[in-house]
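A.B. asks: okay, here's the prediction I keep looking at, along with the sequence it came from:
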Amino acid sequence: MNKKVSIRKLATGVPGLDAVLGGGLSEFSFNILAGAPGAGKTTLAQQMMFSLANVDRKAIFFTVLGEPPLKMLRYQQQYSFFDASKLDDCIRFVNVGDEVSSGDFERVLARIVQEVEEFEPGLVFVDSFRSIAKAAERDGNGNTLQNFVQQLGMHLTHWQATTFLIGEYMTVDSETNPVFTIADGILLLMQSLNRDSVLRKLQVAKSRGQAAIGGLHTFKMSDEGIRVYPRTLSAGVQQPGVATSVGAA
């Protein structure tokens, strides 16, 4: 049994991002898109979703906040990557805000499982996972949240879906949040003021089994969506094979 398992790479549809990731997204991987509000997480997620989704690889996008999907879509359709013809048949939006507000995480998980098993997607997005965590903290259900994350991870493995949890995390700390430990990949989006302009940066904070390019990479947002500009390595600097900012195991 010396034959290595081959992991298929999926092209993200985001210019420059595949190079940073080391060839694209690992199929069936469990990923986190983290960053402050307004950093571009939802736009990045939907740009990848509209690029990857088709009749053979459908996508389901769970929204957790009380904001209805229709309002979010009204803004996202301003980008050129938005393709209304993919809605319903290839892409489905589901709001689970009521289930999260109830504080019953078994009910949240049951709703997600039901929708996924009915639609059979190859791509699953949850926006914002941070809202679920805050609800658990508010209700004192920290252990319940950890169990929810573990159960969700088990279901995702069974479904063989490429998954994305989107959350308002400013830093990535695997010791204080169990979800960072089980994630295969973590993309951290940042923005800061540079004189009179906004400077946006992206970091592959965790990459399991991929030769991702470490460090910070500039990205820009326009009507076309996000474009990433991979950083140039200095002469004589050797790029490590796998990014391990929060551990590759």
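C.D. replies: Nice, thanks for sending it over.

A.B. asks: any idea which helix is longest in the protein?
C.D. replies: helix 142-159 (DSSP state H).

A.B. asks: contacts made by the helix or strand following that helix with the rest, please.
C.D. replies: The C-terminal neighbour of helix 142-159 among helices and strands, as given by DSSP states H and E, is strand 162-167. Contact with strand 162-167 is made by 10, 25-34, 41-42, 45, 48, 52, 122-130, 133, 156, 179, 183, as judged by Cβ atoms under 8 Å, 6 or more residues apart in numbering. Any C-beta I mention is one placed from the backbone N, CA and C, and that applies to glycine too.

A.B. asks: from the contact counts, what lies against the longest helix of the chain?
C.D. replies: When contacts are defined as 3 or more Cβ pairs under 8 Å, 6 or more residues apart in numbering; DSSP states H and E, helix 142-159 packs onto helix 105-119, helix 129-138, helix 178-182.

A.B. asks: tell me the angle of that helix relative to helix 105-119?
C.D. replies: With axes from the mean of the first three to the mean of the last three Cα atoms, to 10 degrees defining the directions, helix 142-159 sits at 10 degrees from helix 105-119.

A.B. asks: and helix 142-159, how far out from the chain's middle?
C.D. replies: Helix 142-159 sits 16 Å away from the centroid of its parent chain (Cα atoms, centre = their mean, to the nearest Å).

A.B. asks: how about it: buried residues?
C.D. replies: Leu145, Phe148, Val149, Leu152, Gly153, His155, Leu156, Trp159 (16 or more other Cβ atoms under 10 Å).

A.B. asks: if we can go back for a sec, among the contacts of strand 162-167, which are in strands?
C.D. replies: Mapping the contacts of strand 162-167 onto strands (DSSP state E) picks out 10, 25-26, 30-34, 123-127.

A.B. asks: how about the residues you listed in TSV, adding pLDDT and neighbour count?
C.D. replies: As requested, those are exported to TSV (pLDDT from 0 to 100; neighbours: other Cβ atoms under 10 Å):
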residue	pLDDT	neighbour count
Leu10	97	21
Leu25	96	25
Ser26	94	21
Phe30	90	22
Asn31	93	23
Ile32	91	26
Leu33	95	26
Ala34	92	28
Leu123	97	22
Val124	95	25
Phe125	94	26
Val126	90	24
Asp127	88	23
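
A.B. asks: measure the residue positioned nearest the centre of the chain to Gly215 for me?
C.D. replies: Central residue of the chain (Cα atoms, centre = their mean): Phe164, 3.3 Å from the mean position. Applying Cβ to Cβ, to the nearest Å, the value for Phe164 to Gly215 is 22 Å.

A.B. asks: many thanks, we can stop here.
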